[in-house]
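>>> need coordinates for the following:
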Amino acid sequence: MLTPDTDTTPLTDSPTATTDDSSPSTATGLVHRIARIPYAGHIILAVIALACVFPVYWMFATAFRRPEDTFSTTLIPWPLSVENFTTVWHQIPILAMIGNTFLMALAVSLCQLLIAVLAAYGFAMWDFPGKTILFVLFLGSWLVPFQVTMIPNYVAISKLGLLGTIAGVVVPNLCSAFAVMLMRQHMQAFPRELIDAAHMDGRGHWSILWRVVMPSMRPALAALAIMLFIEAWNNYLWPALIFQHQSNALIQVGIRSFLGAEGDNWGAIMAASGLACLPIFAVYVILQRHIVDAFVRSGLR
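Modelled structure (predicted):
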């Protein structure tokens, strides 16, 4: 009985079938190697956190040095000195400036929040012709550099007689395209069934916005409010243009006063900057739970 010939020769690996384990793909291989290191994620986060915190530490370290040791490179300032803080206290009305800056940042953030809520509700809940085009044009204003609108805004504020006032800083910053975009994203995730049920109960749009939608937006509002407050607090160029005198100026103008043609007092600058950071730290510590909650809810959606 004839049987077909069978090739008993063992299969050999072809050159194309072999893989070189010694040269993994650049990005993926590096990620897998790092992931196999114990506590790799914690180490990376610690390095990033250190890089973020170190400039703040160096600011306070320089502020607590003696004036003659301002440019010292030692990590620990020793001997400690409060002479820079004393200089700031006597040369500028630091408390009044911080109070004015707090009022300005609070007014800007509240106005931007109010306008963002109203505009986001219209973009998210209403259907009207040209809504997408209008929203794209609205976001386009976010891409326009401040230097482009600086001179027209300054001329308008000057004609309104608002130079040297907090209102002169607030009026050009009443609206934030970023705030509108963020609130629109959150409102689009709101269940439409609840909106329809509120309409069936006879509620109008104003009542639906404040009694149905907004109670669930508190974490997002808190996170956005902190971001807007910090952005307004850190704004330097526009307040420096509006305020020319220190009597009722903001903290930005006070810090600038230590820069002069005869020399820059970097120790006093660091001391004033450190004092200006304290209200921001306090606001963040009070509302940090809402910020984390907002990011968690956004991820779940």
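>>> outside of whichever strand or helix holds residue 45, which residues touch it?
Residue 45 belongs to helix 40-63 when assigned by DSSP states H and E. Contact with helix 40-63 is made by 34, 37, 70, 75-77, 84-85, 266-267, 270-271, 273-274, 277, as judged by CB atoms under 8 Å, 6 or more residues apart in numbering. Placement of C-beta: from N, CA and C, glycine included.
>>> convert the following helix or strand past that helix to PDB, retaining C-alpha atoms only.
Next helix or strand after helix 40-63 toward the C-terminus (DSSP H and E): helix 83-91. The C-alpha trace of helix 83-91 is given here as PDB (Å, rounded to 0.1, in the frame of the first residue of the first chain):
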ATOM      1  CA  GLU A  83      14.500  92.500  56.800                       C
ATOM      2  CA  ASN A  84      13.000  92.100  53.300                       C
ATOM      3  CA  PHE A  85       9.500  91.800  54.700                       C
ATOM      4  CA  THR A  86      10.100  94.900  56.800                       C
ATOM      5  CA  THR A  87      11.200  96.800  53.700                       C
ATOM      6  CA  VAL A  88       8.100  95.800  51.900                       C
ATOM      7  CA  TRP A  89       5.900  96.800  54.800                       C
ATOM      8  CA  HIS A  90       7.400 100.300  55.000                       C
ATOM      9  CA  GLN A  91       7.700 101.100  51.300                       C
END
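>>> helix 83-91 packs against which elements?
Judged by 3 or more CB pairs under 8 Å, 6 or more residues apart in numbering; DSSP states H and E, the packing partners of helix 83-91 are helix 266-300.
>>> got the angle for the helix it packs on vs helix 83-91?
Interaxial angle, helix 266-300 versus helix 83-91 (axes from the mean of the first three to the mean of the last three CA atoms, to 10 degrees): 100 degrees.
>>> so where is the stretch 101-250 of the chain shaky, pLDDT-wise?
245-248 (pLDDT under 70).
>>> how about the helices in it?
131-140, 146-159, 166-170, 177-188, 192-200, 205-208, 218-234, 237-242 (DSSP state H, counting those that start in this stretch).
>>> would CSV of these with mean neighbour count be doable?
Listed next are these as CSV, based on neighbours: other CB atoms under 10 Å:
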stretch, mean neighbour count
helix 131-140, 12
helix 146-159, 13
helix 166-170, 21
helix 177-188, 20
helix 192-200, 12
helix 205-208, 14
helix 218-234, 20
helix 237-242, 18
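>>> which stretch among the ones you listed comes nearest residue 102?
helix 218-234 (8.0 Å; CB to CB).
>>> tell me the angle of that closest one relative to helix 177-188?
Going by the same axes, to 10 degrees, helix 218-234 makes 180 degrees with helix 177-188.
>>> who does helix 218-234 touch, helix- and strand-wise?
helix 94-125, helix 177-188, helix 266-300.
>>> distance to residue 218 added to those helices, as CSV?
Compiled in CSV, the helices and strands packed on helix 218-234 are given as follows (distance: least, CB to CB, whole Å):
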stretch, distance to residue 218
helix 94-125, 12
helix 177-188, 11
helix 266-300, 7
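>>> closest to residue 222 out of those?
helix 266-300 (3.3 Å).
>>> same for that closest one, what does it pack against?
Checked by 3+ CB pairs under 8 Å, 6+ apart, helix 266-300 has helix 40-63, helix 83-91, helix 94-125, helix 218-234, helix 251-256 packed alongside it.
>>> out of the ones you listed, deepest packed?
When you average the neighbours per residue for each of those (mean count of other CB atoms under 10 Å), helix 251-256 leads with a mean of 22.
>>> CA atoms of the helix holding residue 45 as CSV?
Only the C-alpha atoms of helix 40-63 are listed here, as CSV (Å, rounded to 0.1, in the frame of the first residue of the first chain):
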residue,chain,number,x,y,z
ALA,A,40,7.9,54.0,39.3
GLY,A,41,4.7,56.0,39.3
HIS,A,42,5.4,57.4,42.7
ILE,A,43,8.9,58.3,41.8
ILE,A,44,7.9,60.1,38.7
LEU,A,45,5.2,62.1,40.5
ALA,A,46,7.6,63.0,43.3
VAL,A,47,10.1,64.4,40.8
ILE,A,48,7.4,66.4,39.0
ALA,A,49,6.1,67.7,42.3
LEU,A,50,9.6,68.7,43.4
ALA,A,51,10.1,70.6,40.1
CYS,A,52,6.8,72.4,40.7
VAL,A,53,7.4,73.2,44.3
PHE,A,54,11.0,74.2,44.2
PRO,A,55,10.5,77.7,42.6
VAL,A,56,8.0,78.5,45.3
TYR,A,57,10.4,77.3,48.0
TRP,A,58,13.3,79.3,46.4
MET,A,59,11.1,82.5,46.4
PHE,A,60,10.5,82.2,50.2
ALA,A,61,14.1,81.1,50.8
THR,A,62,15.3,84.3,49.1
ALA,A,63,12.8,86.4,51.0
